[in-house]
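Undergrad: How does the following fold in three dimensions:
(one chain, ligands or ions: 2)
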Amino acid sequence: MDLWWLLWISLLFLVPFILMEISSGFKFHFKLVYYCAMCLLLSALAAPMCLLTNGGRTVNNMRIISRVVRTLKYFFGVRFEVKGLENFQIDGPCVIISNHQSILDMMGLMEILPDRCVQIAKKELMYAGSVGLITYLGGVIYINRKRTSDAKSIMAAVAQAMISDNLKVWIYPEGTRNNSGDLLPFKKGAFHLALQAQVPIIPVVYSSLTSFYNQKKNLFTGGTVKVEILPKIDTSGLTENDITDLTERCHQTMRQVFFRLSNKPYESNGQSNCAQ
Ligand SMILES: CCCCCCCCCCCCCCC(=O)SCCNC(=O)CCNC(=O)[C@H](O)C(C)(C)COP(=O)(O)OP(=O)(O)OC[C@H]1O[C@@H](n2cnc3c(N)ncnc32)[C@H](O)[C@@H]1OP(=O)(O)O
Ligand SMILES: CCCCCCCC/C=C\CCCCCCCC(=O)OC[C@@H](O)COP(=O)(O)O
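TA: Ligands and ions are numbered 1, 2, ... in the order given. Next up, the predicted model:
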């Protein structure tokens, strides 16, 4: 076979592949931009509602924000199957920890957000236009992840506010988005906070999004997310010496549930589950 035939045959296979890649990549990025635009638009709509109803920055705005954000799932064909909502029914403050896979998690967060609950977020989110404004109005607590000492002192103040203002605090203990189909090791801030405030921890697990949202494969279609709110983990009587153990226990429990909800066989990782 001469070289020209070889070239034509490879082109015959390559061109549709390249076109498919370009169009799926285009579709994926278009949908992501559409998602961000919707977030900006809904935040811009929710902000005046918050200001008119509650006057300024308060956790009460989270009720309005969650109602508005819950409409997003209809635009993107995302469904949530929620189990264990009764585990949120505790008197008083608590620390809620959940896995964090992508910016789509805001839909899952708002789907089940309990009353009087604020989130800990990276400070960069403050500058995301109307999204930044809405997080500010909702009472989100910003931390500088690059300065552990600043983050720690903010968390210490949060522990006090949780008690005085009866607040629940939602933290993503992985500390960053992770769409790998597994959980990252947990950072320890959430567990220090629970111990400092002497409040229980409620783990929440979302199934893997990879079957319908996968950045590596340029995939973003509709799909179902299973959500499970686990029973509270008591921290009373625990001290600083128990932090590593508590962190590992929560990680292991959530990882098992994550694999079950994602219909994947459980793989023991055999390493420390705390971030070093
Ligand atoms: C229409 C759309 C509208 C959208 C509206 C949306 C509204 C809702 C917004 C929700 C936003 C959600 C955003 C999510 C994020 O931004 S995730 C990223 C930010 N969050 C986090 O990072 C939280 C998790 N991280 C931690 O908890 C970290 O521990 C942190 C406190 C940040 C410190 O970081 P780092 O140094 O990297 O962590 P380590 O865990 O390794 O800790 C180092 C040592 O310090 C000790 N430590 C940690 N915290 C404390 C503490 N509070 N008090 C005392 N000591 C602490 C820790 O034990 C380590 O020491 P040892 O190794 O144990 O000796
Ligand atoms: C005039 C300024 C215009 C700014 C435009 C900003 C564009 C962004 C607009 C909308 C984005 C919607 C984001 C929804 C909220 C997402 C919160 C979130 O998931 O943050 C990621 C954070 O947990 C972890 O960050 P990293 O994974 O460590 O990174």
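Undergrad: Now do the strands in the protein.
TA: With strands called from DSSP state E, the chain shows them at 78-83, 95-98, 117-122, 141-143, 168-171, 201-206, 213-214, 219-220, 223-229.
Undergrad: quick one: contacts for Leu12?
TA: Applying C-beta atoms under 8 Å, 6 or more residues apart in numbering to Leu12 gives no contacts. (C-beta placed from N, C-alpha, C; glycine too.)
Undergrad: quick one: pLDDT of it?
TA: pLDDT for Leu12: 74.
Undergrad: What's the separation between it and ligand 1?
TA: 45 Å (C-beta to the nearest ligand atom, to the nearest Å).
Undergrad: near ligand 1, which residues of the stretch 101-250 of the chain?
TA: 106, 119-122, 125, 131, 134-135, 138, 140, 143, 145, 148, 151-152, 155, 171-173, 175-176, 187-190, 192-193, 243 (C-beta under 6 Å from any ligand atom).
Undergrad: Could you identify the buried members of those?
TA: Among these, those that count as buried by neighbour count (16 or more other C-beta atoms under 10 Å) are 106, 119-121, 131, 134-135, 138, 140, 143, 151, 155, 171-173, 175, 187-190, 192-193, 243.
Undergrad: can you narrow the residues you listed to ones near ligand 2?
TA: Within these, those near ligand 2 by C-beta under 6 Å from any ligand atom are 106, 131.
Undergrad: In helices, which of the buried ones among the residues of the stretch 101-250 of the chain next to ligand 1 appear?
TA: 106, 131, 134-135, 151, 155, 189-190, 192-193, 243 (DSSP state H).
Undergrad: Low-confidence stretches in the stretch 1-150 of the chain?
TA: For the stretch 1-150 of the chain, the stretches flagged by pLDDT under 70 are 1, 13, 16-24.
Undergrad: what residues does it put near ligand 2?
TA: 36, 39-40, 100, 103, 105-106, 122, 125, 128-129, 131.
Undergrad: so which of those comes closest to Tyr206?
TA: Asp105 (7.0 Å; C-beta to C-beta).
Undergrad: Look up the closest residue to that closest one, ignoring the ones flanking it.
TA: Leaving aside its chain neighbours, Asp105 sits nearest to Tyr206 (7.0 Å; criterion: C-beta to C-beta, 6 or more residues apart in numbering).
Undergrad: The one you found against Lys226, yeah?
TA: Yes. Using C-beta atoms under 8 Å, Tyr206 is in contact with Lys226, at 7.4 Å.
Undergrad: between these two, which one's more packed in?
TA: Using other C-beta atoms under 10 Å as the criterion, Tyr206 and Lys226 rank with Tyr206 on top: 24 against 19.
Undergrad: list the residues that contact both of Tyr206 and Lys226?
TA: Leu261.
Undergrad: Please tell me how far the residue in the stretch 51-200 of the chain that ligand 1 sits nearest to sits from ligand 2.
TA: Nearest residue of the stretch 51-200 of the chain to ligand 1 (C-beta to the nearest ligand atom) works out as Gly189 at 2.1 Å. The spacing between Gly189 and ligand 2, counted by C-beta to the nearest ligand atom, is 14 Å.
Undergrad: before we move on, what about Thr235?
TA: Going from Thr235 to ligand 2 by C-beta to the nearest ligand atom gives 24 Å.
Undergrad: Ala37: neighbouring residues, count only.
TA: Neighbours of Ala37 under the rule other C-beta under 10 Å: 10.
Undergrad: what does Tyr127 give?
TA: Residues near Tyr127, counting by other C-beta under 10 Å, number 8.
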